[in-house]
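Undergrad: Show me how the following folds:
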Amino acid sequence: MTSLRVLYWSGFASRKRLHSGGMRRQRSRVMSVLMSDVARKSGVSITTVSHVLNETRPVAEKTRERVLRAAAELNYYKNTSARLLVRGRSDLLGLIISDVENPFYPELIKSFERACATERMEVLLCATNYDRGQAANALRRMLENRV
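TA: Residues are numbered from 1 along each chain as shown. Take a look at the predicted model:
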């Protein structure tokens, strides 16, 4: 069977959503919403959107509300991979433990997560199960994620 390609345009001429697939099976690739989409919808610059969403500089309350409303309507989510590339560091803190079932660790993990939450950090938790190979993989994951 031949494949069928249908091109859908989103609300913005510069963004396309492409759906392709065969007659039996339909696949779709949904593109994520960008800051530029939020900026266009709210009528402000990308820089203003960035300042509102990251709370880096004061923005007029009406503008802030307009940006937040546009972000909510578009279902905008921050791209943590892009932030990692720009900043060169992540908001992750890593915790490598030997055994999740050890009675000492659950309280440690809860305290660690609580402390991270107050600092707006994410937790990357790895358990090694007393295995050197798993410990090496855990360390590799930490380094790859710039923890």
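
Undergrad: all helices in this structure, in order from the N-terminus.
TA: 35-42, 46-54, 61-73, 80-87, 105-118, 132-144 (DSSP state H).

Undergrad: Go through the ones you listed and name the closest to residue 125.
TA: helix 105-118 (6.7 Å; Cβ to Cβ). Glycine gets a C-beta too; all of them are placed from N, C-alpha and C.

Undergrad: list the helices and strands that closest one packs on?
TA: strand 92-97, strand 122-127 (3 or more Cβ pairs under 8 Å, 6 or more residues apart in numbering; DSSP states H and E).

Undergrad: Go through stretch 68-81 and flag the buried ones.
TA: 68, 70, 71, 74, 76 (16 or more other Cβ atoms under 10 Å).

Undergrad: And stretch 37-57, by the same measure?
TA: Neighbour count says stretch 37-57 has 37, 38, 39, 40, 41, 42, 44, 48, 49, 51, 52, 53 buried, by 16+ other Cβ under 10 Å.

Undergrad: was I right about the fifth one contacting residue 70?
TA: In other words, residue 41. Yes. Assessed by Cβ atoms under 8 Å, residue 41 is found in contact with residue 70 at 4.1 Å.

Undergrad: which ones are touching residue 99?
TA: Neighbouring residues of residue 99 by Cβ atoms under 8 Å, 6 or more residues apart in numbering: 105, 127, 128, 129, 130.

Undergrad: Equivalent analysis for residue 38, please.
TA: So residue 38 contacts 49, 53, 67, 70, 71, 74, 76 (Cβ under 8 Å, 6+ apart).

Undergrad: which of the buried residues of stretch 68-81 sit farthest apart?
TA: So, the buried residues of stretch 68-81 by Cβ to Cβ: farthest apart are 68 and 74, at 11.0 Å.
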